[in-house]
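Colleague: model the structure of this input:
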Amino acid sequence: METNPAKPVGTPRRSTPAAGWQRLRNGILTSLTAVVAVMLVFASSSCEGPDTSTPIPAEAFNSRPSGSLAAGDVIRVSFPGAPELNTVQKIMANGKVSLPTIGDVTAQGKSVSTLQSQLTGLYQSHLQNPTVLVGVDQMAACVYVSGEVMKPGKVPLDRPMTAFEAIMEAGGFSKFANPKQVVVVRNNNGKSERYALNMSDTLSGVSSSSFYLRPYDTVYVKQSRW
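Modeller: Numbers count the residues shown, from 1 in each chain. Next up, the predicted model:
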């Protein structure tokens, strides 16, 4: 007996033209949404620029330069009891100065008063009046001010100096400056640290904490966006 071949349970549904256009439309909308999202993220990151919102440690506001001598500083050593020994010395790369009679003495890392006391002690056995006076003729340490200031460049750090004072030494803010966005970049043991400062209060006369600079800090004043 012959048997009839089994009929398929169902037949595949044919896609109508309307369904095809619907899928195409959904695909296009999904792609456009993804492109717009990427563009928004890019635009946001371009406008904001680098993050400078690093919180400033409280102790950083009071971190005055130590006042210690450094290589490259030029010091004047005077001998009231033996003026013929008076000398002007530049502290060498090894941190030492070469003085009459006693030879090399380490000056780097010492304050002027500490070095002065040490030298007076060292000359006790060499001079009837061993008094030694030490003064600084030129400081090698400096900071750099750039961005929207009138005279960008190097500013000698010859006294305890705040970021605001350094900007004033560089001629003050330009007309395009944004005092609310000042960044100090500091190299701390080989690691770059960034501090975001708002100087609008200082300019308006409102009392604010002072940020003291350290040797070789860079102060960057951003441009106003309007």
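
Colleague: any idea which helix or strand comes after the helix or strand of the chain at the bottom of the mean pLDDT ranking?
Modeller: For the chain, the helix or strand with the lowest mean confidence is helix 17-48, at a mean of 48 (criterion: mean pLDDT, DSSP states H and E). Scanning forward in sequence from helix 17-48, with DSSP states H and E defining helices and strands, the next element found is strand 74-78.

Colleague: can you name every helix or strand that the longest strand seen in the chain contacts?
Modeller: Of all the elements of type strand in the chain, the one with the most residues (DSSP state E) is strand 177-188. Strand 177-188 is packed against helix 163-169, strand 191-197, helix 200-203, strand 218-223, with contacts defined by 3 or more Cβ pairs under 8 Å, 6 or more residues apart in numbering; DSSP states H and E. C-beta: built from backbone N, CA, C; applies to glycine.

Colleague: now it - C-alpha only, CSV.
Modeller: As requested, C-alpha coordinates have been extracted for strand 177-188 and formatted as CSV (Å, rounded to 0.1, in the frame of the first residue of the first chain):
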residue,chain,number,x,y,z
ALA,A,177,42.1,85.5,31.7
ASN,A,178,39.7,83.4,33.8
PRO,A,179,40.8,84.1,37.4
LYS,A,180,38.5,81.3,38.5
GLN,A,181,40.6,78.7,36.7
VAL,A,182,44.3,78.9,37.7
VAL,A,183,46.3,75.7,37.8
VAL,A,184,49.5,75.1,39.7
VAL,A,185,51.6,72.1,38.5
ARG,A,186,54.1,70.8,41.0
ASN,A,187,56.7,68.1,40.7
ASN,A,188,56.8,66.2,44.0
